[in-house]
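*Asks:* Quick check, what structure comes out for this input:
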Amino acid sequence: MNIEIRKAKVEEAKDIVMINNIEWRSTYKGLIPNRIFDMMDQKTDQRIKRKQQTIKEKNNTFVALLDGKVVGFSSYGKAHDDEYSDAGQIYACYILDEYHKYGIGSKLIAQGMQALINDGYTTMISGCLVGNSANEFHKYVGGKYIKTIDFDAFGYIAKENIYYYEDINKALEMNKEKIKSRG
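*Replies:* Numbers count the residues shown, from 1 in each chain. Sure, this is the predicted structure:
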C-alpha cells in the first residue's frame, strides 16, 4: 500500500469535508446527537468554501492519498487554548474507517508535527472527544493527558480531552521510529 502525504490542494476541499462528515458520523455516534450530524450535512457547501479559503490562506492541511484518492487529512496551527498560547496544535486528523490500522494517522500527525516545528513551535496540544477510542492514539503518538474541556460541536457542548506534547521534536522522532517499524 503506497500512501502519499502532502499539502492539500484547493480542489480537495470537498473530499476533506466529506471525510470529516463521514468520520464524525462513524466516530461520534452515541457521543453527539444525530441532529449535529444533520446540521453538518446541511452546512456542507459553506464548509467546503471555508476549507477552500483556509487552504488558500493558511496552507495548513495535509491529505493522505492512496492511488490518487484522498483517504484522510489533518490540519494544524497555533493552539486555540489561551493557556497554551505559545504551543502549536493538531486541529484535526481523520481517516476513512477502511484505511485505519495502516499507519496513515501516524504519518499525518508526523507531517503536522514537522510543519509546527518548521513554524517555530516546540510544544503542541491536541484534543479528542471523551469516549472516542482515538484517545489511545493521542497517547500513542506522544501526548500526555492534561485536562478535559468543553468543546462546541456545532452548538452541542461535548467534553474533549486535551493532550500536551512537551517536546514536539522528541515526539516526532518517536513517531518516525514507530512508522519505520511498521514498514
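*Asks:* Tell me where the chain has helices.
*Replies:* Taking DSSP state H as the test, the helices found in the chain are 13-28, 34-42, 44-57, 104-118, 135-140, 168-182.
*Asks:* Name the residues of the second one that come out as buried.
*Replies:* If I follow you right, that is helix 34-42. Residues of helix 34-42 classed as buried: 36-37, 40 (neighbour count, 16 or more other C-beta atoms under 10 Å). Yep, even glycine has a C-beta here, placed from its N, CA and C like the rest.
*Asks:* Pull the contacting residues for Thr27.
*Replies:* 94, 132, 134 (C-beta atoms under 8 Å, 6 or more residues apart in numbering).
*Asks:* what does Val10 give?
*Replies:* Taking C-beta under 8 Å, 6+ apart, we find Val10 in contact with 52, 55-56.
*Asks:* Neighbours of Asn118, how many?
*Replies:* Residues lying near Asn118 (other C-beta atoms under 10 Å) number 8.
*Asks:* Now pLDDT and distance to Gly30 too, for the contacts of Val10, in a markdown table please.
*Replies:* Converted to a markdown table, the contacts of Val10 look like this (pLDDT from 0 to 100; distance: C-beta to C-beta, whole Å):
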| residue | pLDDT | distance to Gly30 |
| --- | --- | --- |
| Gln52 | 98 | 32 |
| Ile55 | 97 | 32 |
| Lys56 | 97 | 36 |
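*Asks:* Would you mind checking those residues for buried ones?
*Replies:* The buried subset of the contacts of Val10 - by 16+ other C-beta under 10 Å - is 52, 55.
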